[in-house]
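> Sequence first, predicted model second:
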Amino acid sequence: MSRLLARAGVAAAAFAACAALAGELKHDVGTNDNPLYEKECGGCHRFLGPSGPVGTGSMGPNLSGFFTPFYPPTASGDRAWDEKALRDWLRNPRASRPHSTMPPVALDEDDLRRVAAELGGARPDGRSEGAN
């Protein structure tokens, strides 16, 4: 039992280190202060944010590390995900995957930036997380 707990601790520490290296979010997500992901995405998807799990869905893929090199390159053309690919996907998922079960998600530009920020991309002000 103690070996299992030790392995779980090592795995959690490794994930935390990867998240820190990947520039995970610097603001709290999935709370009453910022429920956009929970409302628009969390029913089908989940991801591990800096404050813990966000979203409750399991129908869609887990989006933990979405904008990092560790996430599978599943954007159109088998590319890594970036904010433009996310924007295009949300507007019309079936344009790149005709048999996708995901419906289009109608978000304005500000909400698109906020969702991207929640997933670890640019901050809501449009600058990347590494920018000063």
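Great, that's in hand. Numbers count the residues shown, from 1 in each chain.
> got a pLDDT number for Asn34?
We have a pLDDT of 49 for Asn34.
> no no, Met102
In this model, Met102 is scored at 94, pLDDT.
> State the distance from it to Arg94.
8 Å (C-beta to C-beta, to the nearest Å). The C-beta positions use only the backbone N, C-alpha and C, and glycine is treated the same way.
> more neighbours, those two?
Each of Met102 and Arg94 had its neighbours counted (other C-beta atoms under 10 Å), and the higher figure belongs to Met102 (16 against 13).
> Which stretches in this structure count as strands?
Using DSSP state E, the strands of the chain run over 47-49, 52-54.
> Among those strands, show me which one is buried the most.
Burial of these is given as mean neighbour count (mean count of other C-beta atoms under 10 Å); strand 47-49 ranks first at a mean of 21.
> average pLDDT across that strand?
Regarding strand 47-49, the rounded mean pLDDT is 88.
> Check which helices and strands it sits against.
When contacts are defined as 3 or more C-beta pairs under 8 Å, 6 or more residues apart in numbering; DSSP states H and E, strand 47-49 sits against strand 52-54.
> Can you give the strand pairings for the strand it packs on, parallel or anti for each?
Using DSSP bridges, strand 52-54 pairs in its sheet with strand 47-49 (antiparallel).
> hmm, which helix or strand of the protein has the shakiest average pLDDT?
Sorting the helices and strands of the chain by mean pLDDT, DSSP states H and E puts helix 2-21 at the bottom, at a mean of 43.
> OK, contacts around Ala85?
The contact partners of Ala85, taken as C-beta atoms under 8 Å, 6 or more residues apart in numbering, are 75-76, 79.
> One more pass at 10 Å, please.
Contact analysis of Ala85 by C-beta atoms under 10 Å, 6 or more residues apart in numbering lists 67, 73-77, 79, 96.
> Good, wrapping up.
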